[in-house]
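S.K.: Please work out how this folds:
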Amino acid sequence: MPAVILIAVGVIFLLDNLHLFPGRELWEYWPVTPMIAGAFKLADAHTPKGRALGGILLAGGGILLASNLGLIPIDAGDLWPLAIIAAGVFMLMSRTGFSWGGGGRYTTNMRSEAAVFGGGKRKINTNDFKYAKFDAVFGGFEIDFREANIMGDSATVEINAVFGGAEVRIPTNWSAVVQAAGVFGGVTDNSTQPNIATTPNFKRLYFKGAAVFGGVNIKN
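M.R.: Predicted coordinates for the structure are as follows:
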């Protein structure tokens, strides 16, 4: 779906440049993009934080769309405090806390963290990593797995970057399997993919989540 949306937007602006279609008028409908992302997030969410993020994107996009179409007598430029309100709602719905920044080392095999208007460096060095979730809203993370180990065949990290991003470093014997969605953003795998037949202690790390107007970069 994100790829189809991107192609459709490109086609509309191309036709507008060729004077074959009034594409500029459709720009008023850009809030539909975060609404779609929010709907997908709500459908896939299994935690209060995930549902909160999906609801914020869906409701925020709906308000901006109504403003652009003149359905509410409010200028879109006056609605910027909604971002602060949304951050507060996201904090309240989070079970695992809120981060303004900083760094740390984590030895647990499962963890979850959110950063709103902040972020920091995180070094994972557990011997049995299984799962981690990072939510970055107008913020970002630097996540280092190079001292971690996976006891099973694979593990999962979920990263949701909304107007934010993350840089993730993985060991050379780990293979990154990207299953995350991108809406005007994406997850880029710049790591070296190891050969399963010749690499000792070969592991797979599944990347899930979404990048909405943000990005995630994976490297060794």
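S.K.: buried residues in the longest helix seen in the chain?
M.R.: Secondary structure assigned by DSSP state H gives helix 48-68 as the longest helix of the chain. For helix 48-68, a neighbour-count test (16 or more other C-beta atoms under 10 Å) marks 49-50, 52-65, 67-68 as buried. The way it works is simple: take the backbone N, C-alpha and C, and place the C-beta from them, glycine included.
S.K.: Can you pull the domain assignment for the protein?
M.R.: Domain ranges of the chain: 2-93, 103-219, per automatic domain parsing.
S.K.: Let's see the pLDDT reported for the nearest residue to Thr188 once chain neighbours are set aside.
M.R.: For Thr188, ignoring the flanking residues on the chain, the nearest one in space by C-beta to C-beta, 6 or more residues apart in numbering is Asn217 at 5.2 Å. Per-residue pLDDT puts Asn217 at 93.
S.K.: Make residue 1 into 26 and carry on from there
M.R.: Yes, from this point I'll number from 26; that puts the last item at Asn242.
S.K.: secondary structure class for Asn242?
M.R.: strand (DSSP: H, G, I helix; E, B strand; the rest coil).
S.K.: Which residues are in contact with it?
M.R.: Gly190, Ala191, Glu192, Val193, Val212, Thr213, Asn215 (C-beta atoms under 8 Å, 6 or more residues apart in numbering).
S.K.: Among those, pick out the one closest to Leu104, please.
M.R.: Of all these, Gly190 has the smallest distance to Leu104: 23.9 Å, by C-beta to C-beta.
S.K.: My read is that the closest one contacts Glu167, right?
M.R.: No. Gly190 is beyond contact range of Glu167, at 9.9 Å (criterion: C-beta atoms under 8 Å).
S.K.: More neighbours: the two, which one.
M.R.: Between Gly190 and Glu167, counted using other C-beta atoms under 10 Å, Gly190 has the larger neighbour count: 21 against 16.
S.K.: if I look at that one, how far off is Val57?
M.R.: Going from Gly190 to Val57 by C-beta to C-beta, to the nearest Å gives 23 Å.
S.K.: mind checking the SS state of Leu39?
M.R.: Assigned by three-state DSSP, the conformation of Leu39 is helix.
S.K.: what about it, neighbour count?
M.R.: 12.
S.K.: can you check Gly95 too?
M.R.: By other C-beta under 10 Å, neighbour count at Gly95 equals 9.
S.K.: repeat for Asp214
M.R.: The number of residues packed around Asp214, counting by other C-beta under 10 Å, is 17.
S.K.: Now stretch 207-215: buried residues?
M.R.: By 16+ other C-beta under 10 Å, the buried positions in stretch 207-215 come out as Gly207, Val208, Phe209, Gly210, Gly211, Val212, Asp214.
S.K.: Quick check: what element follows the one helix or strand in the chain whose mean pLDDT sits lowest along the chain?
M.R.: Ranking every helix and strand in the chain by mean pLDDT, DSSP states H and E puts strand 128-131 at the bottom, with a mean of 49. Counting by DSSP states H and E, the element after strand 128-131 in chain order, helix or strand, is strand 135-141.
S.K.: returning to what we had before: list of residues touching the longest helix of the chain?
M.R.: Applying C-beta under 8 Å, 6+ apart, the contact partners of helix 73-93 are 53-60, 62-70, 97, 99-101, 104, 107-108, 111, 114-115, 118-121, 137, 139, 160, 162, 185, 187, 237.
S.K.: can you check stretch 174-184 too?
M.R.: Residues from elsewhere that reach stretch 174-184 (C-beta under 8 Å, 6+ apart): 151-161, 166, 168, 170, 191, 193, 199, 202, 205, 212, 226, 228-234, 236, 241.
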